[in-house]
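Trainee: predicted model and sequence follow; I will ask about them next.
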Amino acid sequence: MSEEPAQGEGRAVREGPAVGGTPAVDGGPAGPARAWHRLHPMSPVVRSGRGVLAVAVAVAISRSAGNGSHWFIDLALPVVVAGAAVVSWLVTRWRLDGVTLRIESGLIRRDSRQLPIARIQAVDVVRPFLARALGLAELRVRLAGSSHADGRLAYLTEQAALELRARLLAAHHGLDPATPEPPERIAVTVPTGRLLGSVALATAGPAALMVVLAATVLAFVSATALAALAISLVWLLIVCLSLVWRRVSTQYGFTVAQSPDGIRIRRGLLGTVAETIPLQRVQAVRMIEPLLWRPLGWCRLEVDVAGSPGRDSADGTARMRKTLLPVGRRDEAGFLLTMAAGAQVPGLTRPPGRARWKALLSYHFLAAGHDGRLAVSVTGRVRRLTTVVPLEKAQSVRFVQGPLQRRLALATVHLDAAGHVRAEFRERPQDQARQLVGELAALSREARRHAPAPGARAAGAPAGSAQAGGATAAGAQAASVASPVNAAQSEA
């Protein structure tokens, strides 16, 4: 096997057994160039911890039910799980040679991943509960065009993970690898009380309250009915409480910061996550205002990012949509929205009065607008949704008109972005909608030509001031917006 990494490769390369010197056993930062390193010796404990615990619980339940097997079989299962983790640690090694991060793993089927530093989009540091207790952290490297972790180092010491992250980011920006990580500026921190209040007013909170009230009413009405439904009510309550706990534990201490490499997010109670959202990957920003939050002036922000869904995303889910602010005031959300979208939100206009016949209940909540940078739409009566799409990210523009809309001389214009997100100009006058289709298509092409080159705009930098030496992304984003079509004839 050749020890020279293939330049420009970002995909995993399957190879035979590795040859070479004995890797150094450490969990520290990269040493001399081309030196191989192992993960931390305690990595098997963290990797097998939950598996061993799950097997032990299953064996205990089986024995309590009178279905116990031979003791050596019960002992063999945890040993196999722990042994697999040890073998995985023994056959995993990594090295950093200045231009490529190389990770090799696998016993029977070798997996050699060569990650070009020039293509790195983000480096996330994840600390599950057991790893955090042992002072360890996992490093996840994401390349351009992917939303899952292309390379994972689980686990290093926390200090080693932070130092390696700083080296990777410095090399990615063409700086000396010894350059310290640039400072960040805290933008928003979510107070614990506000987070607890938002969870209590969210779906899971009222659902748990309804279960408790139902049980109380049944206790007074009929003890027999309560006994019959007791198990179902208990399971519903457990499910609701688990959803509440999951949201609180994952979003506890939520902090958003500005940095030159993008928007940094830190969160977590037992296990912590430190992730980065590069600004050039933001496809759209959504501000959500649930009905019960509006009297308090609260809202939630989400961002849609480019890439394909992956099971190794930083928050442990397969979503392309990430939470930018779990709950916050409108002024905080407005600041973060401007930071993520790269420009101020344009003014909004409302549909004409005759649109009430088409949108009887939601007419007063419909609005939309655009300028040369952004398209914005507001929809929803119970759950108000504001969608902001940068025009440079537009994939297509569609003219949609249903039977009732044709009778009222109305139409809807959809501006689609990647990730099944769109800005909707609902119930617009028919002539205005047709003109809007051509205008949005032309503005989108123009926005692509003047978009800053990848990495040129720092988080929070004013829109229009982040072009490096006049460089643009016309070469990388030369595709024009798809020609508008009369896409659907059903009512929008």
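Mentor: Structure's in. What do you need? The shown structure was predicted, so the numbers you read here are calculated from the model rather than taken from an experiment.
Trainee: and stretch 382-389, average pLDDT?
Mentor: Mean pLDDT, computed over stretch 382-389, is 94.
Trainee: whoops, stretch 297-313 was the one
Mentor: pLDDT averaged over stretch 297-313 gives 73.
Trainee: shaky segments in the stretch 301-450 of the chain?
Mentor: 307-320 (pLDDT under 70).
Trainee: same question for the stretch 101-250 of the chain.
Mentor: Using pLDDT under 70, the stretch 101-250 of the chain drops low at 145-149, 204-205, 225-226, 228.
Trainee: please redo it, this time with the cut-off set to 90
Mentor: 106-110, 117-123, 130, 142-151, 154, 166-184, 200-244 (pLDDT under 90).
Trainee: all helices in it, in order from the N-terminus.
Mentor: With DSSP state H, counting those that start in this stretch as the criterion, the stretch 101-250 of the chain has helices at 129-133, 158-172, 192-201, 204-221, 223-251.
Trainee: Serialize those helices to CSV and add fields for mean neighbour count and distance to residue 398.
Mentor: For every residue, glycine as well, the C-beta is placed using N, CA and C. What follows is the helices of the stretch 101-250 of the chain, written out as CSV (neighbours: other C-beta atoms under 10 Å; distance: least, C-beta to C-beta, whole Å):
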stretch, mean neighbour count, distance to residue 398
helix 129-133, 18, 46
helix 158-172, 20, 37
helix 192-201, 16, 35
helix 204-221, 14, 36
helix 223-251, 14, 35
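Trainee: can you redo the ones you listed as a markdown table with distance to residue 448?
Mentor: Conversion of the helices of the stretch 101-250 of the chain to a markdown table gives the following (distance: least, C-beta to C-beta, whole Å):
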| stretch | distance to residue 448 |
| --- | --- |
| helix 129-133 | 42 |
| helix 158-172 | 24 |
| helix 192-201 | 37 |
| helix 204-221 | 42 |
| helix 223-251 | 35 |
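Trainee: compare those helices and give me the one nearest residue 436.
Mentor: Closest to residue 436 of these, according to C-beta to C-beta: helix 192-201, at 36.0 Å.
Trainee: tell me the SS of the residue nearest to the spatial centre of the chain?
Mentor: By C-alpha atoms, centre = their mean, the chain has its centre lying nearest to residue 322, at 3.2 Å. Assigned by DSSP: H, G, I helix; E, B strand; the rest coil, the conformation of residue 322 is strand.
Trainee: quick check, it in contact with residue 300.
Mentor: No: look at residue 322 against residue 300 with C-beta atoms under 8 Å: they stay out of range, at 11.8 Å.
Trainee: what is in contact with the two at once?
Mentor: Shared contacts of residue 322 and residue 300, defined by C-beta atoms under 8 Å, 6 or more residues apart in numbering, are absent.
Trainee: now residue 169, nearest residue through space, not along the chain?
Mentor: residue 261 (5.9 Å; C-beta to C-beta, 6 or more residues apart in numbering).
Trainee: burial measure for that neighbour, as a count.
Mentor: Other residues lying near residue 261 total 22 when counted by other C-beta atoms under 10 Å.
Trainee: who's in contact with the closest residue to residue 212 other than its chain neighbours?
Mentor: Closest residue to residue 212 apart from its sequence neighbours, by C-beta to C-beta, 6+ apart: residue 237 at 7.2 Å. Neighbour list for residue 237: 208, 211-212 [criterion: C-beta under 8 Å, 6+ apart].
Trainee: try it again at 10 Å.
Mentor: Residue 237 is in contact with 207-208, 210-212, 214-215, counting by C-beta atoms under 10 Å, 6 or more residues apart in numbering.
Trainee: then residue 321?
Mentor: 283-284, 286, 302-305, 309, 419-421.
Trainee: try 6 Å
Mentor: Residues counted as contacts of residue 321 (C-beta atoms under 6 Å, 6 or more residues apart in numbering) are 302, 304.
Trainee: run through the bridge partners of it.
Mentor: Legend: beta-bridge partners of residue 321 under DSSP bridges are residue 304.
Trainee: from residue 282, how far off is it?
Mentor: 11 Å (C-beta to C-beta, to the nearest Å).
Trainee: what about the residue nearest to residue 212, distance to residue 220?
Mentor: 18 Å.
Trainee: could you do residue 50 as well?
Mentor: 43 Å.
Trainee: same check, this time on residue 213
Mentor: Distance from residue 213 to residue 220, by C-beta to C-beta: 11 Å.
Trainee: can you check residue 198 too?
Mentor: With C-beta to C-beta as the criterion, residue 198 and residue 220 are 32 Å apart.
Trainee: kindly report the same for residue 384.
Mentor: Distance from residue 384 to residue 220, by C-beta to C-beta: 38 Å.
Trainee: quick one, strands of the stretch 301-450 of the chain?
Mentor: 321-329, 367-370, 374-379, 383-390, 394-400, 410-417, 421-429 (DSSP state E, counting those that start in this stretch).
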